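1. sequence plus the predicted model coming up.
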Amino acid sequence: MNRTTIASTLLAATAVSTLGAAFGTVGPAFADKDRDHGRAAVYNLTGDGSTLFEGIGADEKRGRFYVSEVTGGEIHRGKVGVPQTQEWLPGAGTDGRFTARGVTVDDKGRVYIAGGPNGINDAGANGIGNPGTDNTSRPDLWVYSRTGKLLAALQVPGKPVFLNDVAIGPDGAAYFTNSKAAEVYKVAKGKNGWKATLWADASAKIAVAAGFNLGGIVVSPDERSLVVAQGNNGKLWRFSLKSGKVTQVKTGGADLVNADGLVLQGNRLTVVRNFSRMIATLRLSDDGRKAELVRQRASSPNRVLTTAKEIAGQVLYVDSKFDEGANATGPYEVVADPTR
């Protein structure tokens with residue numbers, strides 16, 4: 001994730017008041033309103049010094065969310081309205097997990113976790129993982145039941161991979177993006193158990209460049225395609241779920257460099273632009289082929305927000321602490337209002 005600073009483009013205040021009409025009923029995440037509805041504006045994560053976070057998954061049915069810890073691979077769990085989260089799964093090698101990235105939850109409450117560089121040989125040398133060990137035998141992803149039982153710890157075919165983010169498709173399978181290549185992997189349970197396969201190789205269409213390539217991922221409103229962000233150049237890509245065909249989403253030249261997490265609410269697409277410290281809002285067409293920029297707003301200059309998910313009518317953003325790195329200190333937080 002590069003640190004390119006992007007100048008902000010803000011619409012007039014009147015545009016803000018029209019967003020609800022444009023996208024349907026999507027409640028703003030302001031602190032007072034959240035508290036009035038029994039929700040929290042800030043959720044506290046447990047850190048032990050120099051702790052970094054990134055991914056978040058939401059279990060709407062049960063009012064719970066899960067946050068991944070980059071440094072150590074712990075998974076934290078929170079409950080809507082309860083400001084303090086708890087460590088749910090230990091890291092430091094538990095189930096072969098030394099680091100973790102994107103998280104999502106399916107309708108059965110199963111938790112899918114992307115391992116980032118967990119299976120890459122030089123993960124320890126980069127300060128992430130367990131230095132001095134052979135990472136080739138480590139999993140690239142995990143699946144857990146809602147009670148915390150390990151269901152699968154899988155390696156994907158092909159190396160190296162950096163599994164970044166994950167979304168559940170309409171077929172119930174999980175789709176993982178690879179930030180080191182133009183690839184999307186599919187994970188599903190079959191007759192012979194859980195299996196990870198290379199679902200789409202878009203290398204002929206998507207030019208891989210330095211930095212982080214494919215990252216944030218959502219299902220289009222019509223549920224016929226996946227929309228994926230390429231962070232290093234700010235492009236959005238549409239993957240047909242039927243054919244795997246890849247086309248670039250037409251965004252009218254919108255600046256989406258450093259695109260990380262994606263959140264789709266109806267046709268409203270929120271793009272979290274981590275080190276750019278911007279939140280972009282676009283109107284995505286039903287088929288995912290076009291996205292019109294509605295506004296850009298600056299997020300807090302004191303945070304590097306990475307991924308986000310909607311739960312109980314509010315969007316929660318992870319404050320990664322990536323800007324602080326090895327010097328990261330608390331408070332460690334998930335926030336409902338990205339501008340604060």
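-> Yes, it's here.

2. let me see the ranges of the helices in the chain.
-> 13-17, 19-23, 31-36 (DSSP state H).

3. rank those helices by pLDDT, which is bottom?
-> Least confidently modelled of the helices of the chain is helix 13-17, at a mean of 33 by mean pLDDT.

4. who's residue 298 bridged to?
-> residue 278 (DSSP bridges).

5. quick one: it and residue 280 touch, right?
-> No: Residue 298 is beyond contact range of residue 280, at 10.9 Å (criterion: CB atoms under 8 Å). (C-beta placed from N, C-alpha, C; glycine too.)

6. which of these two has more neighbours?
-> residue 280 (24 against 17; other CB atoms under 10 Å).

7. what's the closest non-adjacent residue to that one?
-> Spatial nearest neighbour of residue 280, excluding adjacent residues (CB to CB, 6 or more residues apart in numbering): residue 271 at 4.2 Å.

8. what sits against that neighbour?
-> Residues counted as contacts of residue 271 (CB atoms under 8 Å, 6 or more residues apart in numbering) are 216, 229, 256, 259-262, 279-282.

9. next one: residue 118
-> Taking CB under 8 Å, 6+ apart, one finds 73, 96-100, 129, 135, 138-140 in contact with residue 118.

10. and these, which is closest to residue 327?
-> residue 99 (18.4 Å; CB to CB).

11. how about the strands in the stretch 51-200 of the chain?
-> 53-59, 64-69, 75-79, 82-89, 103-105, 111-114, 141-144, 150-154, 163-168, 174-178, 183-190, 193-201 (DSSP state E, counting those that start in this stretch).

12. quick check: which of those strands is nearest to residue 222?
-> Taking the strands of the stretch 51-200 of the chain one by one with CB to CB, strand 163-168 is closest: 14.8 Å.

13. what sits up against that closest one?
-> Contacts for strand 163-168 (CB under 8 Å, 6+ apart): 55, 101-107, 112-116, 140-141, 156, 174-179, 185, 212, 214-219, 226, 261-262, 307.

14. report the buried members of these.
-> Buried members of these, scored by 16 or more other CB atoms under 10 Å, are 55, 101-106, 112-116, 140-141, 156, 174-179, 185, 212, 214-219, 226, 261-262, 307.

15. buried ones in stretch 80-95?
-> Buried residues in stretch 80-95 (16+ other CB under 10 Å): 80, 85, 88-89, 91, 95.

16. same check on stretch 299-318?
-> Neighbour-count burial for stretch 299-318 [16+ other CB under 10 Å]: 299, 303-318.

17. do stretch 59-71 as well
-> 59, 64-71.

18. with distance to residue 330 added, can I get the strands of the stretch 51-200 of the chain in a markdown table?
-> Shown next, in a markdown table, are these (distance: least, CB to CB, whole Å):
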| stretch | distance to residue 330 |
| --- | --- |
| strand 53-59 | 11 |
| strand 64-69 | 13 |
| strand 75-79 | 13 |
| strand 82-89 | 13 |
| strand 103-105 | 21 |
| strand 111-114 | 23 |
| strand 141-144 | 26 |
| strand 150-154 | 29 |
| strand 163-168 | 25 |
| strand 174-178 | 30 |
| strand 183-190 | 34 |
| strand 193-201 | 35 |
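
19. turn these into a markdown table, including mean pLDDT and distance to residue 337.
-> Output for the strands of the stretch 51-200 of the chain, formatted as a markdown table (pLDDT from 0 to 100; distance: least, CB to CB, whole Å):
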| stretch | mean pLDDT | distance to residue 337 |
| --- | --- | --- |
| strand 53-59 | 98 | 15 |
| strand 64-69 | 98 | 16 |
| strand 75-79 | 98 | 16 |
| strand 82-89 | 97 | 14 |
| strand 103-105 | 98 | 21 |
| strand 111-114 | 98 | 26 |
| strand 141-144 | 98 | 30 |
| strand 150-154 | 98 | 35 |
| strand 163-168 | 98 | 23 |
| strand 174-178 | 98 | 27 |
| strand 183-190 | 97 | 32 |
| strand 193-201 | 97 | 36 |
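
20. and those strands: which comes nearest residue 292?
-> strand 163-168 (21.8 Å).
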